[in-house]
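Colleague: starting from these lines, generate the structure:
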Amino acid sequence: MKNTAMFLVWFTTIFLVVLTVLASTAIGFQWYFLLVILGHILVVVVVYKVLTDNYTTDKTFDKFFYQDHSIQRNQD
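Modeller: I've put the predicted structure just below:
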């Protein structure tokens, strides 16, 4: 993935975590509502950027599976 897509993913993640913390503070409802709407827009933009990113790989699902757990596959 390009640096812009990864930057957007990290920025949106940090923004949503901060927004969650702000929910327990005494900020005004209008400001919180505006930030929630901005968070929704950021999520949509991130999904669009990640899905339309020109990323290619030579790894296949059959050979590497999900890469989160080593499994033994039958090589018939």
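
Colleague: show me which helix runs longest in the chain.
Modeller: Ranked by residue count, the top helix of the chain under DSSP state H comes out as helix 29-51.

Colleague: quick one: mean pLDDT over it.
Modeller: Throughout helix 29-51, pLDDT has a mean value of 93.

Colleague: which SSE is immediately downstream of that helix?
Modeller: Of the helices and strands lying after helix 29-51 in sequence (DSSP states H and E), the nearest is helix 61-64.

Colleague: so what's the gap between that following helix and the chain middle?
Modeller: 23 Å (C-alpha atoms, centre = their mean, to the nearest Å).

Colleague: buried set for stretch 46-59?
Modeller: V46, K49 (16 or more other C-beta atoms under 10 Å). (Glycine included, C-beta is placed from N, CA and C.)

Colleague: could you say which helix or strand contains the residue nearest the centre of the chain?
Modeller: Nearest residue to the geometric centre of the chain (C-alpha atoms, centre = their mean): V9, 4.6 Å. Here V9 sits within helix 3-22, counting by DSSP H and E.

Colleague: V50 against A5, yeah?
Modeller: Yes - applying C-beta atoms under 8 Å, one finds V50 in contact with A5, separated by 5.7 Å.
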